[in-house]
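Novice: below is the structure, and that's it, no one-letter string:
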């Protein structure tokens with residue numbers, strides 16, 4: 001448990017390895033008559049969490065963040081990261097070998113256009129890039145007078161002597177009482193939505209939802225790596241490694257689809273391409289290798305949005321009931337942790353790792369935990385100012401007086417949770433209390449929002465920012481992301497952000513997590529999950545929507561300046577805490593109930 005969650009990526013994070021490994025790669029590229037190579041942090045499905053054998057970027061550069069991109073040329077190499085990881089990248093990467101480039105300054109494709117030499121041959125692994133990504137790099141290469149070259153075998157794989165094996169987690173069927181709809185009905189709905197001859201499902205989350213299956217191929221998200229071809233007419237085909245299927249599971253899935261290993265997919269696509277069929281490929285997940293192979297055989301590839309994404313986002317009644325049950329169970333565990341934390345942290349011996357481990361232990365004690373839904377962010381004071389800080393043995397700090405932020409979540413069969421609480425140890429500074437209260441005001445604004453049907457997340461993103469804006473503050477992440485049902489804790493297409501263009505619909509689950517981060521001092525984030533619901537308003541002329549708050553955990557009142565809250569905001573907070581107290585108290589012991597009563601007192 002400790003190793004998998006808090007240690008860095010094995011020896012690859014040793015910066016001193018960056019130079020020799022880069023030299024090895026350049027020698028291999030030279031032998032392949034290549035002048036450069038693209039190294040994304042990706043697998044063949046563009047998953048957020050990838051199997052250990054897919055961590056090529058970490059092996060090469062030592063960077064272990066969840067998003068990154070490396071371009072290797074004969075005379076230079078660059079690692080591109082977003083603002084979440086700039087500091088981490090500089091700590092993990094050998095500066096003599098790689099230049100860390102913030103994505104806010106230049107994109108990888110634009111950098112390639114400026115730095116590739118005329119006539120250079122730049123290799124890429126077509127399994128690790130989407131159609132759209134390669135189109136951008138081809139345009140960039142053309143500007144430089146270079147050539148982008150797909151290669152059959154990734155050169156890093158041959159250099160990585162102790163590369164882990166391909167994942168082979170067992171596939172299980174997701175029980176109907178949690179799925180709420182049979183796989184047969186889901187597949188029928190998907191087929192009916194198509195205008196193309198077929199849909200290639202390349203996102204394992206979509207695969208899991210459509211076939212009511214779950215897997216164990218990556219950390220934190222119960223997915224099975226594979227593909228499916230769902231025709232507009234006829235029986236689907238499901239491509240999974242046979243060793244992942246127990247006989248009973250294979251028998252049940254065989255009633256829904258023809259079963260085959262993923263290695264059979266390329267030949268099928270060639271066959272369908274030769275028949276001039278049209279196939280819809282997911283722009284966000286389908287590898288360039290498959291779209292190119294199909295087009296080269298004569299088929300028409302439609303690069304677009306997988307219709308399953310929106311279907312999956314609209315949770316049905318069973319999934320919403322499961323989410324409520326999961327959040328109650330999780331709320332009890334987190335409340336017990338917070339009670340324990342209040343007693344333990346002031347003693348001065350608690351570390352960030354120890355706190356995260358304790359929280360996971362409280363969750364495991366409920367007997368229903370399948371996994372944490374992402375690596376816990378356990379951050380004290382200045383570490384909390386890094387929105388996506390991930391504690392390691394090297395960075396592990398003692399939790400001292402001031403602000404402590406914990407962002408965590410859990411995977412249960414009936415739902416996925418994600419919650420952030422910002423706590424205080426000792427006396428909170430005036431600056432931290434003010435910032436926390438402004439963040440809370442934004443959180444309440446989203447929780448209380450009422451909006452017309454058809455409203456997008458971008459249209460309400462500013463609700464959470466207004467109190468901060470009025471003080472001259474802001475934060476650089478979105479207000480909220482979608483959340484799956486015992487699937488990914490980061491689900492699309494729904495989100496509340498400046499870029500959230502998808503209309504919010506009843507049944508969608510999202511996070512509500514505004515924040516504020518003062519570099520070198522502290523960070524604030526308050527996060528609950530919410531579900532979009534119909535909202536009846538007397539005299540309304542349009543169908544209106546609002547949010548049901550799912551998360552049931554106290555918000556630390558010691559970090560609140562009551563005078564900054566309006567009467568309506570105080571009323572919301574008091575009502576929320578009354579609901580939390582009523583829901584959690586029956587599941588706590590006497591000492592924990594006493595703590596809860598104090599933590600949820602009226603303000």
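Specialist: Looks like it arrived, so ask away. Please read these numbers as outputs of a predicted model, since none were measured by experiment.
Novice: roughly how far apart are the one residue sitting closest to the centre of the chain and residue 529?
Specialist: By CA atoms, centre = their mean, the mean C-alpha position of the chain lies nearest to residue 490, the distance being 3.6 Å. With distances defined as CB to CB, to the nearest Å, the gap from residue 490 to residue 529 amounts to 12 Å. C-beta here means a position set from N, CA and C on the backbone, and glycine is covered the same way.
Novice: overlap in contacts, these two.
Specialist: Contact criterion CB atoms under 8 Å, 6 or more residues apart in numbering; residues shared by residue 490 and residue 529: residue 483.
Novice: where exactly do the strands run in the stretch 101-250 of the chain?
Specialist: The residue ranges that make up the strands of the stretch 101-250 of the chain, judged by DSSP state E, counting those that start in this stretch, are 121-124, 147-150, 172-173, 198-201, 213-214, 227-231, 237-239.
Novice: redo those strands as TSV? Include mean neighbour count and distance to residue 309.
Specialist: Converted to TSV, the strands of the stretch 101-250 of the chain look like this (neighbours: other CB atoms under 10 Å; distance: least, CB to CB, whole Å):
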stretch	mean neighbour count	distance to residue 309
strand 121-124	22	26
strand 147-150	17	27
strand 172-173	17	22
strand 198-201	26	10
strand 213-214	26	17
strand 227-231	24	14
strand 237-239	23	19
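Novice: tabulate those (TSV), appending distance to residue 115.
Specialist: As requested, the strands of the stretch 101-250 of the chain are arranged in TSV below (distance: least, CB to CB, whole Å):
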stretch	distance to residue 115
strand 121-124	10
strand 147-150	14
strand 172-173	47
strand 198-201	34
strand 213-214	43
strand 227-231	35
strand 237-239	38
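Novice: next, format these as JSON lines and append mean pLDDT.
Specialist: Putting the strands of the stretch 101-250 of the chain into JSON lines (pLDDT from 0 to 100) gives the following:
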{"stretch": "strand 121-124", "mean pLDDT": "98"}
{"stretch": "strand 147-150", "mean pLDDT": "98"}
{"stretch": "strand 172-173", "mean pLDDT": "98"}
{"stretch": "strand 198-201", "mean pLDDT": "98"}
{"stretch": "strand 213-214", "mean pLDDT": "98"}
{"stretch": "strand 227-231", "mean pLDDT": "98"}
{"stretch": "strand 237-239", "mean pLDDT": "98"}
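Novice: which among the ones you listed is found nearest to residue 331?
Specialist: strand 213-214 (23.6 Å; CB to CB).
Novice: helices and strands around that closest one, which ones?
Specialist: strand 172-173 (3 or more CB pairs under 8 Å, 6 or more residues apart in numbering; DSSP states H and E).
Novice: same for the strand it packs on, what does it pack against?
Specialist: Contacting strand 172-173 under the criterion 3+ CB pairs under 8 Å, 6+ apart are the following elements: strand 213-214, helix 247-254.
Novice: any chance of TSV for these, columns distance to residue 293?
Specialist: Supplementary listing: the helices and strands packed on strand 172-173 in TSV, determined by distance: least, CB to CB, whole Å:
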stretch	distance to residue 293
strand 213-214	26
helix 247-254	25
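Novice: pop out the phi and psi values for the nearest residue to residue 463 once chain neighbours are set aside.
Specialist: Residue nearest to residue 463 in three dimensions, not counting chain neighbours: residue 445, with 4.3 Å by CB to CB, 6 or more residues apart in numbering. Geometry field for residue 445 lists phi and psi as phi -60, psi -40, criterion degrees, to the nearest 10.
Novice: which ones are touching residue 445?
Specialist: Under the criterion of CB under 8 Å, 6+ apart, the contact partners of residue 445 comprise 463, 464, 466, 467.
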